[in-house]
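>>> I would like the atomic coordinates for the input below:
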Amino acid sequence: MSDATIFHNPSCGTSRNTLALLRHAGLEPTVVEYLKTPPTKEQLRQLLADMKVGVRDVLRSKEPTYQQLGLGDAKWTDEQLLEFIGQHPVLLQRPIVRTARGTAMCRPSERVLRLLPVDRVPPFTKEDGDVVVDDGVRA
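Numbering: from 1, shown residues only. Have a look, this model is predicted:
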């Protein structure tokens, strides 16, 4: 079993940095490219429960599809929103990481440090040149 799973979009800098941080920590996560292989409704429900958030908390409200579908309208139920994510996985905020220590939306990417099942990792340089220093605090 992998030490971690990342619901990843390789086109997203935050997602790429999060994946790189996991690997920098010595983990080889299971990578789920959710645009190619969207999570099922049951998987989404479990991720939401694990993160203790609602469906609206993981929707990308700035995504054009969100606007086109009018998903900001309160008329949509959680079940309907889950259906929309299944039909349009680009609506799912990313990256989501699951480890033995918990599950979290890793925005910004350094949020993944709290989930690492390892001790403090050496400094890491993100794509934009920012340096991430691990304070060793875990969830």
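
>>> Leu71 versus the residue most central in space within the chain, what's the distance?
With distances taken as C-alpha atoms, centre = their mean, the residue of the chain nearest its centroid is Ile96 (1.7 Å). From Ile96 across to Leu71, the span is 19 Å (C-beta to C-beta, to the nearest Å). Every residue, glycine included, has its C-beta placed from N, CA and C.

>>> Same question for Ala49.
From Ala49 across to Leu71, the span is 21 Å (C-beta to C-beta).

>>> So those two - more neighbours on which side?
Each of Ala49 and Leu71 has its neighbours counted (other C-beta atoms under 10 Å); Leu71 has more, 22 against 10.

>>> what's the burial count for Gly26?
Residues lying near Gly26 (other C-beta under 10 Å) number 11.

>>> In three-state terms, how would it be classified?
What DSSP: H, G, I helix; E, B strand; the rest coil gives for Gly26 is coil.

>>> ok, the residue lying closest to it once chain neighbours are set aside - contacts?
Distances taken as C-beta to C-beta, 6 or more residues apart in numbering place Val118 nearest to Gly26, at 6.2 Å, with adjacent residues excluded. Taking C-beta atoms under 8 Å, 6 or more residues apart in numbering, we find Val118 in contact with Ala25, Gly26, Leu27.

>>> Hmm, the last one is touching Val112, no?
No: using C-beta atoms under 8 Å, Leu27 is not in contact with Val112; the gap is 9.7 Å.
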